[in-house]
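Peer 1: one predicted model, sequence on top.
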Protein chains: 2
Amino acid sequence: MTADAKAAGAGTAHPAAPPLTERQEARRRRILHASAQLASRGGFDAVQMREVAEAAGVALGTLYRYFPSKVHLLVATMQDQLQHMHTTLRKRPPAGETPAERVAETLMRAFRALQREPHLADAMVRALTFADRSVSPEVDTVSRLTTAIILDAMGLDGRPTAAQLSAVRVIEHTWHSALITWLSGRASIAQVKIDIETVCRLIDLTAPEAA
Amino acid sequence: MTADAKAAGAGTAHPAAPPLTERQEARRRRILHASAQLASRGGFDAVQMREVAEAAGVALGTLYRYFPSKVHLLVATMQDQLQHMHTTLRKRPPAGETPAERVAETLMRAFRALQREPHLADAMVRALTFADRSVSPEVDTVSRLTTAIILDAMGLDGRPTAAQLSAVRVIEHTWHSALITWLSGRASIAQVKIDIETVCRLIDLTAPEAA
DNA sequence: CGGTAATCTAGAACAAGTTTCAGACTTGTT
DNA sequence: AACAAGTCTGAAACTTGTTCTAGATTACCG
């Protein structure tokens, strides 16, 4: 579980992802598609490696070469979905007056999207929080994507201050954790909404004029 | 995984925990001890049900009668540890001026305690966030315990307002999620400290005079 | 005490994630 | 075109969480 990171790198580029041939790219895409498909049904548990391999028309060993564990696979699936969402969100920027409002609006939009595929959301979020150190790079990519989405929503003029970055980090924490409580049936949709709105008030606290 | 909740109920009392005989209580304690012991070594992965059973001097089937899954076991372990921590914290209340300071101080104290047993922390927190609906009642108990600790730290005069409860919920979200990023090596101790301090500022926002 | 239901034990069996391996197939090179 | 290196396949094996079963033990009731 340590070395052997030379496998088919994700679409992101941390160390130096070896270029994928066309057929490899296609395989990778089939795998991710199968993963999302199965996840959309029964969530985390329904994503069974043998089934993913079969649905993607790929040998089990190959699946493991592309994604060294189930968690890696699901985190990569999340990366994929997040990318979609990011571009979708960019088409229609949030309309709120203040940064806090815009961030809350954006997150609620994302939340509604997740509600349409709760099982998929379950699989991705559970994988994300269950990931151990061996998945850190991939989880970090997801984190950066999320940060980018939030910063986008804030619509800052210049570069964010340290305090603003802290606030964004806390918002992300809340976002993930609130999703989990919702997915595990311990919080209602309304509850999640309140939590998001509550944490977004932190942004006001870090606005340039505040201190 | 559905019914069969008639097993040995946790120390808490939701439905109507059947009273445990002395030997049963002892068994339960041995199991929790073995669990914490193994977790203190290798974390989540090191808590193997067969090993827990053996270390506790109990058959595998019995272990499963007491705790219907590994996650149940670890969440119960967390309940146990939290209870310790709560009583410990109560002995020396935080000294900060404001509620926000006191909460941050308390959480940092808890954090330092976790740092002394990072593997144990890993096992408990991973179990907590990985728990699915079947563990909701137990996770909820942990959540209530955490809330109690935070409210204690705030040192309120009367009953907390709705806004304050929201703030506490967000603090809990941040607490759990920040712990995870630390445990998976994606955030430093200093980073966690900053996040905690940042989110605690929300408390000021919900103070009676604020609005 | 004797009987009966619940509990406990030992161990096999099953499920799904992960690893491994021999052989077939691709790709890139000369 | 032939070769070497790297990749993919199919299938078995291994690990660990979970379930099941048959037979002891224990707890409780009269």
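Peer 2: Yes, it's here. Numbering: from 1, shown residues only, chains lettered A, B, ... in the order given.

Peer 1: secondary structure element for A:P160?
Peer 2: Of the helices and strands defined by DSSP states H and E, none includes A:P160.

Peer 1: could you find the closest non-adjacent residue to it?
Peer 2: Excluding the flanking residues, the one nearest A:P160 by Cβ to Cβ, 6 or more residues apart in numbering or on different chains is A:L151, at 6.1 Å. To be clear about C-beta, it is placed using only N, CA and C from the backbone, and glycine gets the same treatment.

Peer 1: what is the neighbour count of that neighbour?
Peer 2: With neighbours defined by other Cβ atoms under 10 Å in any protein chain shown, the count for A:L151 comes to 17.

Peer 1: got it, and A:E51?
Peer 2: Applying other Cβ under 10 Å, I find that A:E51 has 14 neighbouring residues.

Peer 1: within the helices and strands, which one has the residue nearest to A:P160?
Peer 2: Judged by DSSP H and E, A:L151 forms part of helix A:136-154.

Peer 1: for that helix, the distance to its chain's centre please.
Peer 2: In terms of Cα atoms, centre = their mean, to the nearest Å, the centre of helix A:136-154 is set 8 Å apart from its chain centre.

Peer 1: check which helices and strands it is in contact with.
Peer 2: helix A:70-91, helix A:99-116, helix A:162-183 (3 or more Cβ pairs under 8 Å, 6 or more residues apart in numbering or on different chains; DSSP states H and E).

Peer 1: convert the C-alpha atoms of the second one to CSV, please.
Peer 2: Right, the one you point to is helix A:99-116. Extracted as CSV, the C-alpha positions of helix A:99-116 are listed here (Å, rounded to 0.1, in the frame of the first residue of the first chain):
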residue,chain,number,x,y,z
PRO,A,99,-20.1,37.1,-0.1
ALA,A,100,-21.8,35.1,2.7
GLU,A,101,-25.1,35.0,0.9
ARG,A,102,-23.4,33.9,-2.3
VAL,A,103,-21.5,31.1,-0.7
ALA,A,104,-24.6,29.9,1.1
GLU,A,105,-26.6,30.0,-2.1
THR,A,106,-23.9,28.1,-4.0
LEU,A,107,-23.6,25.4,-1.3
MET,A,108,-27.4,25.0,-1.2
ARG,A,109,-27.4,24.6,-4.9
ALA,A,110,-24.8,21.9,-4.6
PHE,A,111,-26.8,20.4,-1.8
ARG,A,112,-29.9,20.2,-3.9
ALA,A,113,-27.9,18.5,-6.6
LEU,A,114,-26.8,15.9,-4.2
GLN,A,115,-30.3,15.4,-3.0
ARG,A,116,-31.2,14.2,-6.5
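
Peer 1: okay, the angle between the following helix or strand past that helix and helix B:162-183?
Peer 2: Taking DSSP H and E as the definition, the helix or strand that follows helix A:99-116 towards the C-terminus is helix A:118-130. Angle of helix A:118-130 versus helix B:162-183, following axes from the mean of the first three to the mean of the last three Cα atoms, to 10 degrees, is 60 degrees.

Peer 1: tell me what helix A:118-130 is packed against?
Peer 2: Checking 3+ Cβ pairs under 8 Å, 6+ apart, helix A:118-130 ends up next to helix A:22-40, helix A:70-91, helix A:99-116, helix A:162-183, helix B:118-130.

Peer 1: out of those, which gets nearest to DNA strand C?
Peer 2: helix A:70-91 (3.6 Å; Cβ to the nearest atom of the strand).

Peer 1: is DNA strand C contacted by that closest one?
Peer 2: Yes - using Cβ under 7 Å from any atom of the strand, helix A:70-91 reaches DNA strand C at A:70-71.

Peer 1: list the buried ones in that helix?
Peer 2: Residues of helix A:70-91 classed as buried by neighbour count (16 or more other Cβ atoms under 10 Å in any protein chain shown): A:70-82, A:85, A:89.

Peer 1: that one to helix A:118-130, inter-axis angle?
Peer 2: 120 degrees.

Peer 1: circling back: can you tell me which of the buried residues of helix A:70-91 are up against DNA strand D?
Peer 2: Counting by Cβ under 7 Å from any atom of the strand, no member of the buried residues of helix A:70-91 is near DNA strand D.

Peer 1: tell me the one among those residues nearest to A:R109.
Peer 2: A:L89 (6.8 Å; Cβ to Cβ).

Peer 1: and the gap between the closest one and A:V103?
Peer 2: To A:V103, A:L89 is 11 Å away according to Cβ to Cβ, to the nearest Å.
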